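**Q** Sequence and predicted model, in that order:
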Amino acid sequence: MKEKKLIINSSNNPFSLFKEWFDEAQKNEINDPNAMNLSTISKSNFPSSRMVLLKDFDDRGFVFYTNIKSKKGKDIINNPNVSLNFHWKSITKQVRIEGKAISVSDKEADKYFNSRPKESRIGAWASNQSSKMNNREDLIEKYNFYKEKFKEDSIPRPDYWSGFRVAPILIEFWQDMPFRLHDRLEFIKINNKWKRKKLFP
Ligand SMILES: Cc1cc2nc3c(=O)[nH]c(=O)nc-3n(C[C@H](O)[C@H](O)[C@H](O)COP(=O)(O)O)c2cc1C
């Protein structure tokens with residue numbers, strides 16, 4: 001592994017720094033360098049976490065796709081405050097993000113949906129994500145039903161399947177350092193400007 005530079009010497013823009021780290025993770029992580037933990041808050045104020053895949057990012061935020069009627073989808077519609085967490089084991093780095101999840105446009109969701117393999121698009125039709133399933137055969141049956149239904153046609157995006165962009169107000173970079181004297185840098189958005197501060201490990 002190449003020697004780490006202290007984050008404080010890195011970019012002043014958290015998105016450029018994220019890109020730098022994400023590029024490094026993509027080169028080193030065995031699989032799913034774009035996997036991130038997403039935490040949401042339920043109506044009864046309980047946190048809930050699961051992994052999702054980062055599909056796009058820029059200065060506006062971090063995009064993932066899902067079934068908006070799923071547990072996470074319902075949580076977000078009730079309370080858009082969410083957090084994300086990346087941990088890239090291969091490069092011993094972590095990024096923590098807090099912000100608001102905002103629906104992507106239909107056009108953006110269509111574009112991504114249409115880029116997915118046919119089987120995944122059929123799968124989106126077949127799964128009532130996070131609803132009770134009596135047995136797996138029900139899922140396979142539904143999959144085969146939609147496979148047949150869309151045999152001749154293009155597969156439209158289900159209206160319950162879309163993306164969220166997490167617009168961050170906080171991004172924290174953490175990297176492992178010898179003797180647990182880890183290196184942390186927190187960016188907070190105040191009046192539309194990113195302010196940075198170092199944190200004790
Ligand atoms: C590495 C990994 C990536 C995943 N990516 C996604 C994703 O991008 N979108 C999604 O809806 N579920 C994804 N899942 C499944 C979710 O973790 C979760 O099981 C599912 O979305 C239902 O979550 P919910 O009941 O909290 O809504 C992924 C799981 C793993 C382990």
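**A** Perfect, I can see it now.

**Q** Assumed residue 36 was part of a strand.
**A** Yes - inclusion of residue 36 in a strand is indicated when DSSP: H, G, I helix; E, B strand; the rest coil is applied.

**Q** What residues does this protein have near the ligand?
**A** Neighbours of the ligand within the chain, by Cβ under 6 Å from any ligand atom: 32, 35, 48, 50-53, 64-67, 70-72, 129-130. For the C-beta atoms, the positions are set from N, CA and C on the backbone; glycine is no exception.

**Q** list the contacts for residue 143?
**A** Going by Cβ atoms under 8 Å, 6 or more residues apart in numbering, residue 143 touches 122, 123, 126.

**Q** Sorry, slip of the keys, the one I care about is residue 63.
**A** Per Cβ under 8 Å, 6+ apart, neighbours of residue 63: 54, 55, 56, 57, 104, 108, 163, 164, 165, 166.

**Q** Next: residue 20.
**A** 10, 11.

**Q** how about 10 Å then?
**A** Residues in contact with residue 20 (Cβ atoms under 10 Å, 6 or more residues apart in numbering) are 10, 11, 173.

**Q** ok, it to residue 27 distance?
**A** Distance of residue 20 to residue 27, computed by Cβ to Cβ, to the nearest Å: 11 Å.

**Q** Then residue 113?
**A** Going from residue 113 to residue 27 by Cβ to Cβ gives 28 Å.
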